[in-house]
Structure formats: C-alpha cells, structure tokens
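A.B. asks: how would this look folded up:
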Amino acid sequence: MTSKQIRQTFLDFFQSKNHMIVPSAPIVLKDDPTLMFNNSGMAQFKEYFLGNATPKSSRIADTQKCLRVSGKHNDLEEVGIDTYHHTMFEMLGNWSFGDYFKKEAIHWAWELLTEVYKIDKDILYVTVFEGSKEENVPFDQEAYDIWKTLISEDRILLGNKKDNFWEMGEQGPCGPCSEIHVDIRSAAEKAQTPGKDLVNADHPHVVEIWNNVFMEFNRKADGSLEKLPAQHVDTGMGFERLCMVLQNVQSNYDTDVFSPLIQKIESITGAKYTRKAENDDDEKINIAIRVIADHVRAVAFAIADGQLPSNNGAGYVIRRILRRAIRYGFTFLNTKEAFIYQLVETLSDQMGDSFPEIRSQKSLVMNVIREEENSFLKTLDQGLQLLEKVIAESNSTTIDGRKAFELYDTFGFPIDLTALILRERNMELDEQGFQNAMLEQKTRSRAASEVQTEDWVILAESAEEPFVGYDLLVNEVKILRYRKVDSKKDGTLYQIVLDHTPFYPEGGGQVGDRGILKNDAETIRIIDTKKENNLIIHFSKTLPNNINEPFLAIVDKTLRQHTAGNHSATHLMHLALRTILGTHVEQKGSLVNADYLRFDFSHFAKMTEDEIKQVEDFVNARIEEQLPLIERRNIPFQQAVDEGAMALFGEKYGDNVRAIKFGDSMELCGGIHVQNTSEIWHFKIVSEGAVAAGIRRIEAITGNAVKEYFASREKMLSEIKSALKNPQDSVKAVVSLQEENVKLKKQVDQLMKDKAKNLKGELVAELQEINGVQFLAKQVSLTPEGAKDLAYEIGNVGKNVFLVFATAEEGKPMLTCYISKELVAEKGYNAGQVVRELGKYIQGGGGGQPFFATAGGKNVDGITEALEKASEYLK
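C.D. replies: Predicted coordinates:
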C-alpha cells in the first residue's frame, strides 16, 4: 500500500464506525498559551476533555500534523541519528468524548491492524498499565481482560507509569494507556532475543505504532488524581511507523513518505543514501540526509500554517530546526549554497492532496526557506572567521568550552562544526566547559519561565461563559472560578472566569481588553484577558475580598475604541492592498492594539511611495464614506464564504462564524470593530518593510495617534526652520545645504590625498629593513580612506613592503595593513590574519585580502601596543 492509501484506509475505517472525519488543525497553535505547536493528535480537542466545550460529534477521527522539538516531548536531537524519531509527524487518531471506552477502542484497533491492514498477529505485542500504589491507581484489569480475547497472554506486557500512564501535562486529564508494538526484525534476530524483551527499549525495529489512552482522571496541582465526570478515549498511531510496517521496510526513511525527498537530496547534492552504511563516513552522510528530509517537512508546514522563522518563541524553534538541517548539509554533504528550498516542490507534489496548504503556499515557503538558508550560510562564514580568531588567541591546544558556547549561542555557530575544525587542526574542544555553559543557560531560562499554577477553585458551575462584549462594555457578573498563578516574570497573578463577560479575550491578532471589576466594597483591576481551552480568563494582581458577591465588569472604553478603530482599519487596508497590489496579497499575521496596527502580508517587492499613498488614500476614502458596520453573527461557514467573506489561511474556524462587512470589505472575524468607519477618523502608514522573503510588514496608526503624529511632524519642521534661520523656502535651503556639503567633502578628500602624498616622502624615509622586508608601523593623522591611499602610494614605490598604519578619526581606532604581493606569494604573509590578531589590542577585529586588510575597534589606547607587536610577524 502507498502512504496515501494507508492514510485514507484509516479514515475510511473509522468513518464506517460512525466517526466524524475532521481536517488537521494547523501545526502552529495561535490561541493556546500552554503550547507553541500541536505536539499530539489530541491538542486541538483539549477543551472537550476539560469539559469547557461540546464537540460536534462524540466520535471523531483525523490525521493531525504534529511537531515535537521542545518541552516534555523533545525529540529534536534524536532526529536523523535513529530512523524512527521525527520533528514533524502525522498522528492518525480516533476519539471518544464520553461515548465508547476501552472495549470498542481495543477491538477496533485490533480489527484495523490485523484484518484491514493484515498485519501478522505474531509480530504484535500490547502493553497495559501495571498500576501504581503511589498514585492509588490499580492494575488495568479491564484492558488486560479485553486483550486476552484477542492475543495470547505472553504477548500482553505490563507497563509502568512512565510508559503506560499518559498525561496531557503537569495538570489536567490523564489516564492509563494501552500501547501496540510491532516487531519487524528477521526470524534469526527474533530467535536470538524475544521481542517482548525489546518493547519500550528504543530498538529501531521493535517500535510502538499505536497508543490507546483511556482518560478517566484529572491531575490536580498538588499531584493528586480525581475521577473525570465522563470517560474519554484518545488514540494516536504514528503514520510514518505504520507505513514502515505495511511497506515491509526497516526504516521510516525507506518508506514512500520520505523516499521522494531523499532522492531529490541525492540529485541536488550528489551524495548517496545507503540503507546499510559500510563505514562512519557513509553513516554521517546518511544521518545528514535523514535530518534534511525530516526537517524540511517541519519547517515547510510551519511556514505554510503561518509561522515564519524568527529570533523568539515559535519562530525561533522553526529557525533552529532549519539551521540544524543547513549545517548538516554544510558539514557532511559539502553544500555551500542554498538548496533545501528546492525540496518544497517535491513535498508539495507528495502531500498536497492531503494537506492543500502546502500546495497553495508553496512559493512563499520556498522563498522564506531560501532566504533563511542564504542568511545562515553567511553566518557560518562569519563564524569560521570568529573561530579562527579564538584559535589564534588561544595559548593551548584545548579551546575553552565557554568561548565555543559563545560562538554557538550568540552567533549560531554549530558546536559539532567547531569540534570538527579543531580536530582538523590537531586541537581539542573543552566539551565539559561547553556543557556547563549550556546547562547554566538552560537553568537560567527554565527559572525565568517557570510557572506554578494552582487548581481552579470552582464557585459555581456553568454550561458556558458567554461573551457579551460585542454589545456591552459594562455588565453585571459573578465569578465562576479562579486560580492563582506564580511566575518569575509576572509575579503572582489571579486568573478569574466570569459568567457573562464583556471583556474581549486576546485572539485573531487583537489584544485582550483591560478594565475593572467593581462593586460598592472594592475595585479590582483587570490587566489582561485571554482565552485558554475555551475559557475566557481575566488576569488580575489581586483577588476580591468577597469573591461570591456580584460585580460590575467595566471595560476600559478608551482603549477599546482605539483598538476597534485599528482593527477595522486593518480590514480596510487588507482590501486596499489586494486592490492596489493584486489578489496574491494574503494576510500572514497581525497585531491590533490601542496604539497602532501591524500587518504582515505576502508580496514580492518593497512597496513604492506611490503604492503606499494609494493604500492610504483608499482607506481614508472608505473612512470618509462613513460605511456602517454590517455584522453577521453565527452564520454557517460555507454560507459566509459563498457570500464573499475572506477566510484567513491558517485560522481554525467552527461550523458557524461571524462575518464583518464594511462596504466591499468582508472577512471572517471574531474581533471588535467600530460601528461606522467615520469613527476611525484618519489612517496613516508609518513604516513598510520586509519580515522575510515574500513577506512585507506595514505599521499604521489611526485616530488620535494620527493627530499626535502630524503634531510631532509640525514641531520637527518648525525646529528645522529655526536651525536654518527661518528661510522663506525650507526645502530650497536644505538642498542648498546638501550641495554645499558635497563640495566641502570633495575639498576635504582632496586635502587628505594631498596630505597623504606629502606624508609619503617622509614615511618612505622611515622604512626599516627587517629580514629583507621594508617595514613601517605608525599612527597617521588621516581618515581610514586616506591611510589606504597612503599605503598604496608607498607600496608602489618599491618591493617587499609591509605596512601597518593606525588612525583614530573621531575616537574610532582603525588598523590598515598593506603587504606587497610578492611577500604574500613567497613568504605566506596574510594581511587579514595580521589585522585579526592585532585587532584584539583595540578591542575589535576585521579582515580582508592577503595583501590588504583593515580592522576597526573601540580602544584607542591599544593602538600603541598593536603597532609595537606588528614587527613580530617578520622575526
């Protein structure tokens, strides 16, 4: 069976068991503060397990894109080294929300594997939870008894809490699980070691393929367990591992999930992937190819779902994955130019039918990856120069691990590449020092991000906590539940859930509302509002003294109005961009708050001044038209799309949606908007620039912020006029000043050249002969450009010249080194190396060509010592 057939067979099977088949959620999670990425099939269903929402069906099945690289499920460093861990993987899953339980889940799993996929029962093992006295959870007798009817008891193994008790996190729903493992070793290997001895022992050919989790407990903050009000089933089957079994191969990378990518890598790089490596070099190539084939999937799907590489948060994780792939190619496949982006075409052809986003976003994904590759390859070049400096400054054959960590942490230079280069120089890396520095950083990071969350204190039960903020800014409310959260970053905060809140929770790019809870006795300030697992959570630094009393929930009206104006302007600007630049423009991210709006969109070029003005004029024309808000609440998704509403790519929509319309602008949106575009007052773009290849970013302001913007510009113009002695025509005065400056600069340049020529005669007379070399090291009162001219003037006088000049224009030290080409050729002198080493005396560095190089620094006082050391290169 092909992988496509395997995937479809799973979905068809559970559809026949009355499961609703739902699409994969985006791999990037936008509205879950506890997770960056979907790391399991159940992540998108958390709110159902927690009882905070009702699913569309009590039986659901899907194939979910998952990513595991950080936190509890961290597989990154194992990826590529072995043949069965991945960053991005598909999780085939079926769920029961208070419907069927262990009997049906186990029977259906067995039926699908052995009767539909026809996997031999004799290569399968199953595990059940052995129980835990410390948790007061008994042996899972029920699951064991069910399995006894399907498989011989010697293939039913008992598992401990680590392997057979699944938990969503440190708190929340959890329960015993029953895993299905497969043994695909040869008969000879099986005869030597029974498969049951290798279950959960990290053997590449005895692996878990399916886990059936029976959620029946809730883990509280104090670690204790309580029974859930309803029992649920959460199953997950590793798609890639299943393909390995059904396609009768010994590695996930030998399946048709990966083979097209591997073949493309071979074609581009000329490297050869061998299923059984004959030596260490072949295995290094294999690992590199596996790393690249795996990582391009994770990066491509993350970008397609809206997550661009960046230096923080989820974007940093994506950048880190991609850079790991780049450096494996650079180090082991000898790829010095971008090539990974070319694999996206193959990935699109291969998976576009099942995941259409990779096909529709293909061009964007390729452009972003190509730019990231080129950028990191430059970083690698810079890192090589920095490593050379570290080596030159070292007095030992062992390089300080903390220095290597600085290269890794600050400049992104891979530690394995550092170790490889040192070995080639017969040097060693202080690995313990590196590990210590790494551990210290992780400890600091962990301490800074550590959060202690107490259990919810339930004051009253409610089937739902409706949001009434579309219509009300003030509402009488009661507190339903609260909990205390402590973190190093924010200190102690209280999270409060209300019964009918007017506070808008952060989502869709719009920030959460702020305001107060007030009654006759006290006032509690709400500093933020977010949504987590379908609960609208209000953040406060204090808890009411009497939490059972009713309160007035009052939203900060001014902040709300400014935010609403910016959000509505965002919609109008989106339409303007698609009208003026073209319909290829798609929203790729946004931020809307009371101060300004930020909008990321797909476009291939920098916007011209004329295009920016056209967009401003378009939006301001819609504001002047005083377009009323037409709001459609709770209409079917397909109806809204059919009526022309724009659905944003990568967003997760329900069956019913809210549509926002201003004239020709119509988008699906849950945010807050003005009632009429006239409330926006005016729209002004303050910046436009690149975020990534093919992604532009606009920042803009509206309302009072525009008034303040124009007032500041008017003040600036007044100050400029004053500085120019209040000319009648300010522009003409500035142009005249610029022209005069150009003339003066030319005169200064000519004076410096004349000065250098005059100095030439003096300095030629000062040349010293050292071992047949005409040498001079001296500080000169010239600009760096003048020092360069002077060096070439003297260099042209004769042969075997070695010059080091220092300048200190405006307190900025600069070293210039010139070496005659015959000295470079005959004696191996290198000006770049000279300035790199002398540069440390002025607290700087630099480089250049073997015959000419410069280095800048910070310490003027170091010039004297640098010049004194220069002659040592000739001794």
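
A.B. asks: Please spell out which residues along the lengthiest helix in the chain are buried.
C.D. replies: With secondary structure taken from DSSP state H, the chain has its longest helix at helix 730-766. By neighbour count with 16 or more other C-beta atoms under 10 Å, helix 730-766 contains the buried residues Ala733, Met752, Lys753, Lys755, Ala756, Leu759, Lys760, Leu763. C-beta coordinates here come from the backbone N, C-alpha and C atoms, glycine included.

A.B. asks: Now stretch 759-774: average pLDDT?
C.D. replies: Regarding stretch 759-774, the rounded mean pLDDT is 90.

A.B. asks: and it, how far out from the chain's middle?
C.D. replies: Centre-to-centre, stretch 759-774 and its host chain are 57 Å apart (C-alpha atoms, centre = their mean, to the nearest Å).

A.B. asks: Kindly report the same for stretch 265-280.
C.D. replies: That offset, for stretch 265-280, works out to 30 Å (C-alpha atoms, centre = their mean).

A.B. asks: Mind telling me what element the residue most central in space within the chain is part of?
C.D. replies: Note on the chain: the residue nearest the mean C-alpha position is Gly315, at 1.6 Å, using C-alpha atoms, centre = their mean. Here Gly315, judged by DSSP states H and E, is contained in helix 313-332.

A.B. asks: Include distance to Val368 when you put the buried residues of helix 730-766 into a markdown table, please.
C.D. replies: Listed next are the buried residues of helix 730-766 as a markdown table, based on distance: C-beta to C-beta, whole Å:
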| residue | distance to Val368 |
| --- | --- |
| Ala733 | 45 |
| Met752 | 45 |
| Lys753 | 47 |
| Lys755 | 50 |
| Ala756 | 48 |
| Leu759 | 52 |
| Lys760 | 52 |
| Leu763 | 53 |
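
A.B. asks: nearest to Ile536, of these?
C.D. replies: Nearest to Ile536 among these, counting by C-beta to C-beta, is Ala733 at 57.7 Å.

A.B. asks: ok, that closest one to Val742 distance?
C.D. replies: Distance, Ala733 to Val742, using C-beta to C-beta, to the nearest Å: 15 Å.

A.B. asks: hang on, the earlier thing: what's the angle between the very next helix or strand once past the helix holding Gly315 and helix 313-332?
C.D. replies: Remark: after helix 313-332, the chain's next helix or strand is helix 343-351, criterion DSSP H and E. Helix 343-351 runs at 110 degrees relative to helix 313-332, counting by axes from the mean of the first three to the mean of the last three C-alpha atoms, to 10 degrees.

A.B. asks: Just the CA trace of helix 343-351, in PDB.
C.D. replies: Only the C-alpha atoms of helix 343-351 are listed here, as PDB (Å, rounded to 0.1, in the frame of the first residue of the first chain):
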ATOM      1  CA  LEU A 343      12.700  20.200  -1.700                       C
ATOM      2  CA  VAL A 344       9.400  22.000  -1.100                       C
ATOM      3  CA  GLU A 345       8.400  21.300  -4.700                       C
ATOM      4  CA  THR A 346       8.700  17.600  -4.100                       C
ATOM      5  CA  LEU A 347       6.900  17.900  -0.700                       C
ATOM      6  CA  SER A 348       4.000  19.800  -2.400                       C
ATOM      7  CA  ASP A 349       3.600  17.100  -5.100                       C
ATOM      8  CA  GLN A 350       3.700  14.400  -2.500                       C
ATOM      9  CA  MET A 351       1.400  15.700   0.300                       C
END
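
A.B. asks: just checking, what packs against that helix?
C.D. replies: helix 259-269, helix 280-304, helix 356-360, helix 362-393 (3 or more C-beta pairs under 8 Å, 6 or more residues apart in numbering; DSSP states H and E).

A.B. asks: who touches the first one?
C.D. replies: Translated: helix 259-269. 253, 271-273, 289, 292-293, 296-297, 329, 333-335, 339, 342-343, 346-347, 349-350 (C-beta atoms under 8 Å, 6 or more residues apart in numbering).
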